[in-house]
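**Q** the sequence and its predicted three-dimensional model are supplied below.
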Amino acid sequence: MHVFHNPVRTVAGLGALAALPELLGERRAVLLTFGEAGALGLVELLRLRVGDRLAAVIDCITPNPDLADLELLYPQVWQHRAEVVIALGGGSVIDSAKAMLVGTPSGQFHEIRRLLRDGERFVPPAVRRLIAVPTTAGTGSEVTPWATVWDREQQRKHSLHLPETWPEAAIVDPVLMRSLPDAVTLQSGLDALSHALEAIWNRNANPVSDALALAAARSILVTLPALLRAPDDMALREAMAIAALQAGLAFSNTRTALAHSLSYPMTLRFGLPHGIACSFTLPLVARLAIGRNAERDAVLAQALGPLASAPQRLERFLEDLGVRTQFAAYGVDEAGAQAMLEAALQGDRGRNFIGAPA
């Protein structure tokens, strides 16, 4: 028996933002977004649709949310009377919003900090709902309950996961993605490819996640290079957005695996953007995955073609997009890479990998 669960109501496709008023209803909302959203006209697009139901706009979200940043953000969000948080942006914005959803007994962020660092749980006295509106095609956070939170003080990465951190709804509208810089299109697209493949070489895979991951991987391998050549092509933007959504739905049930476990120190210690950090090792992880499990091999072959040469084709795909696939290119020597691999296999996400030690 297989179980697949995802409670997020999802509206996707060109013009999907038009569904926002119905999804919000009569409730009031705080909008969380990134600093450039106003200049890009994205904030005004939302204002036009929700009017005076928008209680506040907070546009200070920066990449890779840190505990210290979220602690400052928390009272800004909770000072406004609102039942909903709308997150407009990429993964960092949506993950930051998830950390704002649960009220704490003290009214401050301390309890969430202790939850992340020490596992000290509490009963939220209040909860807000999340409508996630991604502006990148790759994060998947709009359909998952997890929020990545960085803790640079302790040099750690935390994953916030509560029943309350599932988004209530996701609006995936490629119109919001057409102004993306090429670098962000590339990084977010590779993040989505990593999500798809990580859902396949995963101990938690099931037939539903496989179907979604396969559709996503096949589409991304064709669509992403084409989109980078023609960034104004809205049909390609839509195809990429749908593929990223499918990958997000796939790993919402499997979680990620070894490539993501390897990515965290690369981002924390070496400053590598997440989409590059979780994708440059895909050929390496593919080599480690192939031959481990006949059932997984069959699915991987559907995604990548003949497995004997699949890692080399992945390398060529990434190198053609300008992404180096060796640790040395990012300042990590052979001994450091081996130590990182061994640690990653023992990590929370690494243990999902089919080649991880039992």
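**A** Perfect, thanks for sending it. Numbers count the residues shown, from 1 in each chain.

**Q** end to end on stretch 13-21, go ahead and measure it.
**A** 16 Å (CA to CA, to the nearest Å).

**Q** buried ones in that stretch?
**A** A16, L17, A19, L20 (16 or more other CB atoms under 10 Å). Bear in mind the C-beta positions are built from the backbone N, C-alpha and C, glycine included.

**Q** got it, and stretch 46-60?
**A** By neighbour count on 16+ other CB under 10 Å, the buried set for stretch 46-60 is L46, R49, V50, R53, L54, A55, V57, I58, D59.

**Q** which helix or which strand is home to the spatially most central residue of the chain?
**A** Among the residues of the chain, T139 comes closest to the average C-alpha position under CA atoms, centre = their mean, at 2.9 Å. Counting by DSSP states H and E, no helix or strand carries T139.

**Q** next one: A344
**A** For A344, the element it lies in under DSSP H and E is helix 334-346.

**Q** that older thread, any chance of the buried residues of stretch 46-60 in TSV, plus distance to N206, secondary structure and pLDDT?
**A** As requested, the buried residues of stretch 46-60 are exported to TSV (distance: CB to CB, whole Å; DSSP: H, G, I helix; E, B strand; the rest coil; pLDDT from 0 to 100):
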residue	distance to N206	secondary structure	pLDDT
L46	36	helix	97
R49	37	helix	97
V50	37	helix	97
R53	39	helix	98
L54	39	strand	98
A55	40	strand	98
V57	40	strand	98
I58	38	strand	98
D59	39	strand	98
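
**Q** can you show me the CA trace of stretch 102-112 as PDB?
**A** Provided in PDB are the C-alpha atoms of stretch 102-112 (Å, rounded to 0.1, in the frame of the first residue of the first chain):
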ATOM      1  CA  VAL A 102       2.700  30.200  14.700                       C
ATOM      2  CA  GLY A 103       2.100  32.400  17.600                       C
ATOM      3  CA  THR A 104       4.200  31.900  20.800                       C
ATOM      4  CA  PRO A 105       3.200  32.100  24.500                       C
ATOM      5  CA  SER A 106       5.700  35.000  24.900                       C
ATOM      6  CA  GLY A 107       4.700  36.800  21.700                       C
ATOM      7  CA  GLN A 108       8.400  36.700  20.700                       C
ATOM      8  CA  PHE A 109      10.500  34.400  18.600                       C
ATOM      9  CA  HIS A 110      12.400  32.800  21.500                       C
ATOM     10  CA  GLU A 111      10.200  29.700  21.600                       C
ATOM     11  CA  ILE A 112      10.700  29.000  17.900                       C
END
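
**Q** how far does that stretch sit from its chain's centre?
**A** Relative to the centre of its chain, stretch 102-112 is centred 25 Å away, using CA atoms, centre = their mean, to the nearest Å.

**Q** can I assume T33 sits in a helix?
**A** No. Counting by DSSP: H, G, I helix; E, B strand; the rest coil, T33 falls outside a helix, being strand.

**Q** not counting sequence-adjacent ones, nearest residue to it?
**A** Nearest residue to T33, sequence neighbours excluded (CB to CB, 6 or more residues apart in numbering): L88, at 4.3 Å.

**Q** what's the answer for L345, then?
**A** Counting by CB to CB, 6+ apart, the residue nearest L345 is A356, at 5.0 Å.

**Q** got phi/psi on the one you found?
**A** Backbone dihedrals for A356, given as degrees, to the nearest 10, come out at phi -70, psi 150.

**Q** residues contacting it?
**A** R203, L258, L345, Q346, G350 (CB atoms under 8 Å, 6 or more residues apart in numbering).

**Q** in ChimeraX, how would I select the buried members of those residues?
**A** To isolate the buried ones among those in ChimeraX, judged by 16+ other CB under 10 Å, type:
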select :203,258,345,350
